[in-house]
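Undergrad: Let's see this in three dimensions:
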Amino acid sequence: MSNNENELDNLRTSNIDINYGVDIKFKSKLPIVKTFTNDFCIEDIKSNLLDIEKEIFEIIMLAVKNLDNNITVRVVGGWVRDKILRRKSNDIDLVVDNISCHEFAHELATLVNEKNEKNDENSKTTRVAKIDANPELGKHVDLSTVRVLNYPLDVLNIKVLNEENNVVTKISDSIEDAKCDSYLRDFTINSLFYNINENRVEDFNNGITDLCNGIIRCTSKLGGCEARMK
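TA: Numbering: from 1, shown residues only. Below you'll find the predicted structure:
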């Protein structure tokens with residue numbers, strides 16, 4: 001990446017007004033902040049993974065191996081929050097870097113179909129649905145959806161701001177772009193990422209602390225939290 005592109009990416013991130021607005025309190029049964037560390041979150045997520053979720057993550061990592069070991073896959077949003085809160089969640093949204101979300105979803109479908117054919121020759125074929133952006137319906141970026149072991153997975157690329165400060169997706173391997181994506185989510189507790197490759201929680205907005213303290217806090221004006229609060 002050129003120096004100009006680096007400067008532009010930094011400008012896009014710096015233009016985002018982070019952690020603004022009124023905080024809303026909710027009851028949290030989590031440990032106090034001093035003991036609520038990233039390692040604690042990782043162990044809590046691992047201990048609360050369902051067998052089917054473990055199998056889904058194994059398929060995801062096999063897709064990474066087949067395509068390119070430099071691909072990073074993150075679970076984003078509500079699933080990470082709910083796992084830390086020890087709640088059930090079947091809403092698994094993935095963000096992939098270094099590859100088109102559509103290409104990655106197709107590889108997942110291929111692996112699922114191969115697995116199904118071994119177990120049942122008459123199994124239904126898993127297909128990928130491409131959903132185009134439709135801002136009028138609140139869908140600002142393209143995504144692909146695919147069922148893996150009967151779990152619907154939404155697969156997206158990293159969200160960033162373009163030169164006009166519009167939200168777009170980008171095929172990127174930059175951690176700064178991943179941070180930008182987290183800033184563009186509605187609340188800090190929904191901006192937590194679970195990096196499947198490295199088995200760690202990525203928290204760019206102090207979302208873990210807010211979870212512990214029972215605070216719902218907006219990430220930025222561009223995250224859409226105002227609409228969610230209404």
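
Undergrad: alpha carbons only for contacts and neighbour counts from here, please
TA: Fine.

Undergrad: Show me the contact partners of the longest strand belonging to the chain.
TA: The single longest strand within the chain, with elements called by DSSP state E, is strand 151-161. With contact meaning C-alpha atoms under 8 Å, 6 or more residues apart in numbering, strand 151-161 is reached by 12-13, 90-97, 99-102, 104-105, 141-147, 167-172, 177-178, 180-181, 184.

Undergrad: Off-centre distance for it?
TA: The chain centroid and the centroid of strand 151-161 are separated by 7 Å under C-alpha atoms, centre = their mean, to the nearest Å.

Undergrad: Who are the packing partners of the helix or strand following it?
TA: Toward the C-terminus, strand 151-161 is succeeded by strand 167-170 as the next helix or strand (DSSP states H and E). On a contact count with 3 or more C-alpha pairs under 8 Å, 6 or more residues apart in numbering; DSSP states H and E, strand 167-170 meets strand 151-161.

Undergrad: and the strand it packs on, which residues are buried?
TA: 153-161 (16 or more other C-alpha atoms under 10 Å).

Undergrad: Doesn't L111 belong to a helix?
TA: Yes: judged by DSSP: H, G, I helix; E, B strand; the rest coil, L111 forms part of a helix.

Undergrad: Now the residue nearest in space to the middle of the chain: phi and psi?
TA: In the chain, the residue lying closest to the centroid (C-alpha atoms, centre = their mean) is V76, at 2.1 Å. In terms of degrees, to the nearest 10, the main-chain angles of V76 are phi -120, psi 160.

Undergrad: Could you do L149 as well?
TA: Dihedral angles for L149 - degrees, to the nearest 10 - are phi 60, psi 40.

Undergrad: Give the full set of residues in contact with the residue nearest to V146 when sequence neighbours are not counted.
TA: Leaving aside its sequence neighbours, V146 sits nearest to V128 (C-alpha to C-alpha, 6 or more residues apart in numbering; 5.0 Å). Going by C-alpha under 8 Å, 6+ apart, V128 touches 105-106, 109, 144-147.

Undergrad: how near is V128 to Y194?
TA: 23 Å (C-alpha to C-alpha, to the nearest Å).

Undergrad: again, but for L156
TA: Taking C-alpha to C-alpha, one finds L156 at 15 Å from Y194.

Undergrad: The residue nearest to V146 and E164: what is the separation?
TA: In terms of C-alpha to C-alpha, V128 sits 31 Å off from E164.

Undergrad: mind checking how far P152 is from D91?
TA: Applying C-alpha to C-alpha to P152 and D91 gives a distance of 7 Å.

Undergrad: and if you look at G77?
TA: G77 is 9 Å from D91, by C-alpha to C-alpha.

Undergrad: who's more crowded, those two?
TA: Between G77 and D91, G77 has the larger neighbour count (other C-alpha atoms under 10 Å), namely 23 against 17.

Undergrad: what sits against the more buried one?
TA: 93, 189-193.
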